[in-house]
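>>> Structure for this input, please:
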Amino acid sequence: MKARLLPIIGNLAVLAAGLAVLFGLPAIGETYLIINSTIFAAFAILALSLALIWGYAGILCFGQAAFFGLGGYTYAVTAINMGDTTVPALLAVLVPALFAALLGYFMFWGRISDVYLGVITLTVSLIFYRFINQTAGEQWNIGDAPLGGFNGIPATPILNWPGRPGEQLAPEEIFGLTVGLLLIVYFLCKALLATSFGRIIVAIRENETRAELLGYDTRVYKLAIFVVGGALAGLSGLLFANSVFVSPTMFSLPVSGQIIIWVIVGGLGTLIGPVIGCILMQFLTNYLGTLSQIKGFGWVDPNLVLGVLLVIFVLVVPKGLTALVSDTWRWSLGFLRRPRATAPPAGERVPNP
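Okay, here's the model as predicted:
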């Protein structure tokens, strides 16, 4: 009975924490904190996209940044041209999903091995990065939207209420939307994994050959979960674009590497772990970035520190923070429940062993 209650308690704890942040932070936080927190929540959705396809489907994708950036640029370009942001917001999710379907079809039907799949997805992300960087001229305008080259699109429109182009959302409303979508995405992912589809995905991760022998077309299932991951990454790019603006760095190698670090630090094979890992690593990155600006600490390189942390976690804590906390909690309970040896009453002989 207790084992059945644990997932329910965990879900309620996540929901309570999310609602506390959703309603509490805007009441006490300044605009700068609200915008930063929105970025963290958008990145957490990006972490969930990789947690789903790598942690549960076993598809190591180094190119989630490609779908992330594609979602942001799709939104910015279409919003500038259309004025209203309702349709561009939908396209920001749909276009990365379609691109993931196209890319995944060639990889999964081509029976690409896991190593080469990671290389291909990373290469696609870097191709986008190099291409967008050299689109600074006027010939690279798409309608009224200049791609901007390495400067990106600083004039990225802010989401407006559906059908009301002149009524843009305030930073607090963008924050509420982002955190709300993070909670919805998290629980939808949990619900998806609880279905027969989710169980088949996990079975494919454990032993793809056995799943095929049981009659499942593993290519279809892997493609489906890959498309879901691409759509979630596109949603993250849309929300990030409303917090800052789109630029080629969304496709860059550091972003691709950070997503991997978030998942490993938080815990591969979990959903809440990568979310926690993402937020903790973002706090650390911001702190290190601030520290490097202080005189005497200019040698601090946030990317180097993140790389060292990745190596430490892979070698020392391979299961991530969530597994470490869970194992420590179980060990503590077992230690506290362990029977203590008691001394015999006075005058009573202790039997020889």
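>>> so how far is L232 from the residue nearest the centre of the chain?
Central residue of the chain (C-alpha atoms, centre = their mean): A47, 1.0 Å from the mean position. Going from A47 to L232 by C-beta to C-beta, to the nearest Å gives 10 Å. C-beta coordinates here come from the backbone N, C-alpha and C atoms, glycine included.
>>> Check Y186 too.
11 Å.
>>> Give me the more crowded residue out of these two.
L232 (31 against 21; other C-beta atoms under 10 Å).
>>> and the longest helix for the protein?
The residue-count maximum for a helix in the chain (DSSP state H) belongs to helix 2-28.
>>> other SSEs contacting it?
helix 31-50, helix 171-194 (3 or more C-beta pairs under 8 Å, 6 or more residues apart in numbering; DSSP states H and E).
>>> re earlier: contacting residues around the residue nearest to the centre of the chain?
Contact analysis of A47 by C-beta atoms under 8 Å, 6 or more residues apart in numbering lists I259, W262, V263, G266, P274, V275, G277, C278.
>>> Would you mark the buried spots in the longest helix of the chain?
Across helix 2-28, burial judged by 16 or more other C-beta atoms under 10 Å covers V14, G18, V21, L22, L25, P26.
>>> May I see the buried residues of the strand ranked longest in the chain?
Taking DSSP state E as the criterion, the chain has its longest strand at strand 164-168. For strand 164-168, burial by neighbour count (16+ other C-beta under 10 Å) applies to no residue.
>>> Pull the distance from it to the chain's centre.
29 Å (C-alpha atoms, centre = their mean, to the nearest Å).
>>> Please apply the same query to stretch 303-315.
Chain-centre distance of stretch 303-315: 18 Å, with C-alpha atoms, centre = their mean.
>>> and what of stretch 217-230?
That offset, for stretch 217-230, works out to 17 Å (C-alpha atoms, centre = their mean).
>>> Closest to T290 out of the buried residues of helix 2-28?
L25 (20.1 Å; C-beta to C-beta).
>>> Can you give me the pLDDT of the closest one?
pLDDT recorded at L25 is 88.
>>> do the one 5 residues further on as well
Per-residue confidence for E30 comes out at a pLDDT of 86.
>>> swap in the one 5 residues further on?
Among the per-residue scores, I35 holds a pLDDT of 91.
>>> Do I have it right that it meets P171?
Yes. Using C-beta atoms under 8 Å, I35 is in contact with P171, at 5.6 Å.
>>> related to what we said a few turns ago, so of the buried residues of helix 2-28, which two are at opposite extremes in space?
Going by C-beta to C-beta, the pair spanning the buried residues of helix 2-28 furthest: V14 and P26, at 19.6 Å.
>>> From F43, how far off is G72?
12 Å.
>>> who's more crowded, those two?
G72 (31 against 26).
>>> Verify the stated contact: the more buried one with S243.
No. With contact defined as C-beta under 8 Å, G72 does not reach S243; the gap is 10.3 Å.
>>> quick one: low-confidence parts of the stretch 201-350 of the chain?
Filtered on pLDDT under 70, the stretch 201-350 of the chain yields the residue ranges 292-293, 295-300, 333, 335, 339-350.
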